[in-house]
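>>> the following comprises the amino acid sequence and a computationally predicted model.
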Amino acid sequence: MTAVEPDDIRIEALFVSELQRSDQPTPELIRAVVNETVERLGAGGCAALVAQEFGEHPDCALGRMRWARRAVRTAYEAA
């Protein structure tokens, strides 16, 4: 079984959250939303929703995943 990195879970949680890039979220808001989403859905729930979005909307999902990766790295480097 492959170990899951904390950043991977955070990225998936941000991806499935309702937070949008256009909201121009602060690092503090990103961390709060990630924590709330992981607490609410769990790591497995976040991963399942990511898979669902890539299956249903692959054209949009890739851009959102790229944003989520950059946003999480920036937010957690700032912490």
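Received it, and whenever you're ready, just let me know what you need. Residues are numbered from 1 along each chain as shown.

>>> hang on, isn't residue 43 packed against residue 11?
No. Counting by C-beta atoms under 8 Å, residue 43 stays clear of residue 11, with 11.3 Å between them. For the C-beta atoms, the positions are set from N, CA and C on the backbone; glycine is no exception.

>>> so for those two, which sits in the more crowded spot?
residue 11 (22 against 15; other C-beta atoms under 10 Å).

>>> buried residues in whichever strand or helix holds that one?
In the assignment (DSSP states H and E), residue 11 maps to helix 6-16. Residues of helix 6-16 classed as buried by neighbour count (16 or more other C-beta atoms under 10 Å): 8-16.

>>> got CSV for those, with pLDDT and distance to residue 71 too?
Shown next, in CSV, are those (pLDDT from 0 to 100; distance: C-beta to C-beta, whole Å):
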residue, pLDDT, distance to residue 71
8, 95, 14
9, 96, 14
10, 97, 9
11, 98, 8
12, 98, 12
13, 98, 11
14, 98, 6
15, 98, 10
16, 98, 13
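
>>> could I get those as TSV with distance to residue 77?
What follows is the buried residues of helix 6-16, written out as TSV (distance: C-beta to C-beta, whole Å):
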residue	distance to residue 77
8	16
9	17
10	12
11	14
12	18
13	17
14	14
15	18
16	22
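
>>> of the residues you listed, closest to residue 76?
Comparing these against residue 76 with C-beta to C-beta places residue 10 closest, at 6.9 Å.

>>> test my guess that that closest one contacts residue 38.
Yes. Assessed by C-beta under 8 Å, residue 10 is found in contact with residue 38 at 7.5 Å.

>>> and for these two, which residues touch both?
Common neighbours of residue 10 and residue 38, counting by C-beta atoms under 8 Å, 6 or more residues apart in numbering, are absent.
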